[in-house]
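**Q** Here is a sequence together with a model predicted from it:
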Amino acid sequence: MDQRRKSFKTVYNGSDENRVQTPDRQHHDSDNMSSRLRERRSTRFGELSTAKETANTSNVRTVTNTIKQPNTEYSTKDRQALKRLIIALGNKYAETIVLHRKASMEVGKLESQKKKQKNKIQQLKTLQKTHKHGRNIHNRSYSDSFRRRFQEAQNSLEAIEKNLQKARKNRESTEEDMEEAEAEWKFEAMCSGEAYYEDGKWKWRY
């Protein structure tokens, strides 16, 4: 993931005019270019099949070398629209990276809580085996308090495990979203010829 984030930052370091437009503008650009993009996708699908099957950067470099020459079939206006679209897709990819990072942190936090809670329950079970506990268990107040503590610890562990299960599913979902967003961003960049991959970095042609 670090390599993906590094390559992403290279393309998007630039002047403010190269950064993302508003969501409405992004959708407008996407609609205007949809027919052209579909045509390019169908004609260049064979060239990009290798890049789609693997995330290996050497394969990406091989594919992009076939389209590294400037794309002259589009006007300056079309190229700017494509560039805005690529930037929008790149920012979408950046957002999915952040969401996946947060989801992963949540999983880590809950796993730590689960471990602590299991240790707490184990301590209570160990206490049950002590001589002192055996003497005090006949005391109703002590007995009720111990059972209550043990039940609360069990309930807390069950709640943590449920939340952990949800968090793991969310982490998996955000990882899929991140990979799809990355593939879409790089696919458009390569198809348009406005950006290319060289020396481990993504670069703008113009």
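**A** Ah, there it is. Just so it is clear, the model here is predicted, and its values are computed rather than measured.
**Q** Can you list the low-confidence ranges for this protein?
**A** Counting by pLDDT under 70, the chain contains low-confidence ranges at 1-76, 131, 133-134, 206.
**Q** what about the helices in it?
**A** Counting by DSSP state H, residue ranges of the helices within the chain are 2-12, 23-53, 57-65, 76-128, 131-136, 140-192.
**Q** residues near Arg171, how many?
**A** Arg171 sits with 20 neighbouring residues when counted by other Cβ atoms under 10 Å. Every residue, glycine included, has its C-beta placed from N, CA and C.
**Q** ok, the residue lying closest to it once chain neighbours are set aside - contacts?
**A** Nearest residue to Arg171, sequence neighbours excluded (Cβ to Cβ, 6 or more residues apart in numbering): Ala103, at 4.1 Å. When contacts are counted by Cβ atoms under 8 Å, 6 or more residues apart in numbering, Ala103 is found next to Ala167, Asn170, Arg171, Ser173, Thr174, Glu175.
**Q** Enumerate every residue touching the second one.
**A** Listed by Cβ under 8 Å, 6+ apart, the contact partners of Asn170 are Ala103, Glu106.
**Q** Next, find the distance separating it from Trp185.
**A** Distance of Asn170 to Trp185, given as Cβ to Cβ, to the nearest Å: 22 Å.
**Q** tell me, how many neighbours does Trp202 end up with?
**A** 23.
**Q** Ignore what I typed, I meant Leu85.
**A** The number of residues packed around Leu85, counting by other Cβ under 10 Å, is 23.
**Q** May I ask you to confirm that it is in contact with Glu188?
**A** Yes. Contact status for Leu85 versus Glu188: in contact at 6.3 Å, counting by Cβ atoms under 8 Å.
**Q** Mind listing what's buried along stretch 103-117?
**A** For stretch 103-117, a neighbour-count test (16 or more other Cβ atoms under 10 Å) marks Ala103, Ser104, Glu106, Val107, Leu110, Gln113, Lys114, Gln117 as buried.
**Q** Adding distance to Asn136, write those residues out as JSON lines.
**A** Converted to JSON lines, these look like this (distance: Cβ to Cβ, whole Å):
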{"residue": "Ala103", "distance to Asn136": "45"}
{"residue": "Ser104", "distance to Asn136": "44"}
{"residue": "Glu106", "distance to Asn136": "40"}
{"residue": "Val107", "distance to Asn136": "40"}
{"residue": "Leu110", "distance to Asn136": "34"}
{"residue": "Gln113", "distance to Asn136": "29"}
{"residue": "Lys114", "distance to Asn136": "29"}
{"residue": "Gln117", "distance to Asn136": "24"}
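**Q** from the residues you listed, which single one is nearest Phe150?
**A** Closest approach between the buried residues of stretch 103-117 and Phe150, by Cβ to Cβ: Gln117, at 12.1 Å.
**Q** Give me the distance between that closest one and Gly200.
**A** For Gln117 relative to Gly200 (Cβ to Cβ), the value is 44 Å.
**Q** for Lys162, same thing?
**A** When Lys162 is compared with Gly200 (using Cβ to Cβ), they lie 43 Å apart.
**Q** if we can go back for a sec, which two among the contacts of Ala103 are spaced furthest apart?
**A** For the contacts of Ala103, and using Cβ to Cβ, no pair is farther apart than Ala167 and Glu175, which are 12.5 Å apart.
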